[in-house]
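>>> Let's see this in three dimensions:
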Amino acid sequence: MIHDIVAQLGARLLGEKAADLDSALKSVERMLPASDRYREMLMAFGGAVVFDKGAKFTSDVRSPLNHKDGRQSLEVLYGLGSGKHSIEYQAARYENELPTSFVPIGEAPGGNLICVDNGGIVYLWDHESHPDEGLWRVSSSLDAFIGRLEPDDSGIGSTKDIVESESFLDF
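Next up, the predicted model:
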C-alpha cells in the first residue's frame with residue numbers, strides 16, 4: 001500500500017490536517033487524476049508530509065537536477081487542506097508559472113516541483129524555467145512515483161526538529 005511505503009520513510013504530518021477531509025479530497029480530485037491508493041494516502045495523513053528518513057526517487061528521464069547517482073530528493077509531499085503545504089494552495093500559487101494542465105503534488109530541493117498532468121503522468125519541474133520548459137518525466141502515474149520512493153541516505157539529516165507550523169523551505 002502507498003501509505004505503508006511513505007510510512008517506512010518516516011513520513012509524518014507537516015502542519016495540520018485538513019478540517020474536513022472529505023471536502024478537501026473532493027477539491028483535490030477536481031484538479032488531478034488520483035488513484036484509489038493515492039486517495040487513501042491523502043486521507044491517512046490528511047495534510048502535507050515530510051520524511052524523517054529523507055526520501056529520494058529515480059525518474060524515467062534523467063534531469064540535470066539529479067544527484068550523481070541519478071536520483072532526486074523529495075522534501076515534501078503536499079496534502080489536503082488549504083494551508084501553504086496543501087495541493088490547493090500550491091496549485092493556486094503556481095497557476096501562472098506551470099503549464100496549464102500541471103498540478104504540484106510535492107517539492108524537491110531548491111523549490112523545484114513534482115507535478116502531475118491531467119493524464120496522470122508525474123513530472124519534475126525546474127522552478128527557474130519558463131512554464132513549458134525545464135520538465136522531466138518522473139513516472140507514468142502517482143502510484144508508480146510513490147512506489148519508487150526510498151530512504152535518502154545522503155546524510156542530509158533528520159526532519160524531526162523542524163517546527164511543524166513553519167516550513168524549512170520558506171524563503
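
>>> separation between His67 and Ser59?
11 Å (C-beta to C-beta, to the nearest Å). Just so you know, the C-beta spots here come from the backbone N, C-alpha and C atoms, and that holds for glycine as well.

>>> Counting neighbours, go ahead and name the busier of the two.
Legend: neighbour count by other C-beta atoms under 10 Å for His67 and Ser59, higher for Ser59 (20 against 12).

>>> Next one, pLDDT for that one please.
Looking at Ser59, its pLDDT reads 93.

>>> Okay, buried residues for whatever helix or strand Arg39 lives in please.
Following DSSP states H and E, one finds Arg39 within helix 36-45. Neighbour counts over helix 36-45 (16 or more other C-beta atoms under 10 Å) mark 37-38, 41-45 as buried.

>>> what does stretch 18-25 give?
Burial within stretch 18-25, assessed by neighbour count using 16+ other C-beta under 10 Å, is assigned to 18, 21, 24-25.

>>> Stretch 126-144 now?
So, applying 16+ other C-beta under 10 Å, buried residues of stretch 126-144: 126, 134-136, 138-139, 141-144.

>>> With secondary structure, pLDDT and distance to Val76 as new columns, can those be given to me in CSV?
Formatted as CSV, the buried residues of stretch 126-144 follow (DSSP: H, G, I helix; E, B strand; the rest coil; pLDDT from 0 to 100; distance: C-beta to C-beta, whole Å):
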residue, secondary structure, pLDDT, distance to Val76
Asp126, coil, 93, 17
Gly134, coil, 90, 19
Leu135, strand, 93, 19
Trp136, strand, 94, 19
Val138, strand, 96, 15
Ser139, strand, 97, 18
Ser141, coil, 96, 20
Leu142, helix, 95, 15
Asp143, helix, 94, 19
Ala144, helix, 95, 19
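
>>> Cool, thanks, talk later.
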